[in-house]
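> quick one: sequence and predicted model below, then my questions.
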Amino acid sequence: RRRRLVLRAATAVDGAALAALAAETAFFDKGDPLDAPPPAYDPTRRLVLAYWRPALAADGRRWPLPLVRAPLDAARLPLAVARLLIDGSLLGLAPATDAAKRPPPDLALLSFAALPASRPKRLLALLDLLRPH
């Protein structure tokens, strides 16, 4: 006989609210940032925000949650800043739009999916040159 997980007296909960409530628990898996829509710089908060596909994970199962827009972590930030510099949206040269479904072919190499586990050293060196001293 197989054991099944059974929920009794369950209540429907909004997925976005659940993601916000579970964000600091061990059951929350933020996942990886999405390439489309692309990350965007928020000048009021002075952060690079990306869309993430989170999930709740427990007992070997995963329950997907709605997309969440959150700041990028330090390991992925140089890649996103490079993309924003190249397409001009970081400097205000091109409007950042959420309508873009995939990055242009010349930006495909700067995809989060193509990012190695280690931080890109050349890109970090380039960004060091751009910092004010």
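Yep, that arrived. Every value quoted in this text rests on a predicted model; they were computed, and no experiment measured them.

> thinking Ala40 is in contact with Leu90, fair?
No: judged on CB atoms under 8 Å, Ala40 makes no contact with Leu90 at a distance of 9.1 Å. Backbone N, C-alpha and C define where each C-beta goes, glycine included.

> find residues that contact each of those two.
Both Ala40 and Leu90 are in contact with Leu84, where contact means CB atoms under 8 Å, 6 or more residues apart in numbering.

> where do the helices sit along the protein?
All helices of the chain, identified by DSSP state H, fall at 15-22, 77-87, 121-130.

> tell me the buried residues in the second one?
Counting neighbours by 16 or more other CB atoms under 10 Å, one finds that the buried residues in helix 77-87 are Leu77, Pro78, Leu79, Ala80, Val81, Ala82, Arg83, Leu84, Leu85, Asp87.

> how about that helix as CSV, C-alpha atoms only?
Output of helix 77-87 as CSV, limited to C-alpha atoms (Å, rounded to 0.1, in the frame of the first residue of the first chain):
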residue,chain,number,x,y,z
LEU,A,77,24.8,41.1,-11.1
PRO,A,78,27.9,41.7,-13.3
LEU,A,79,26.3,39.7,-16.2
ALA,A,80,23.1,41.7,-15.9
VAL,A,81,24.9,45.0,-15.7
ALA,A,82,26.9,44.1,-18.9
ARG,A,83,23.6,43.3,-20.7
LEU,A,84,22.1,46.6,-19.6
LEU,A,85,25.2,48.5,-20.7
ILE,A,86,25.2,46.9,-24.1
ASP,A,87,21.6,47.4,-24.9
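
> which residues does Ile30 contact?
Wrong residue type there; residue 30 is Lys, not Ile. Lys30 makes contacts with Ala23, Trp52, Pro54, Val68, Ala70, as judged by CB under 8 Å, 6+ apart.

> do that again at 6 Å, thanks
Counting by CB atoms under 6 Å, 6 or more residues apart in numbering, Lys30 touches Trp52, Pro54.
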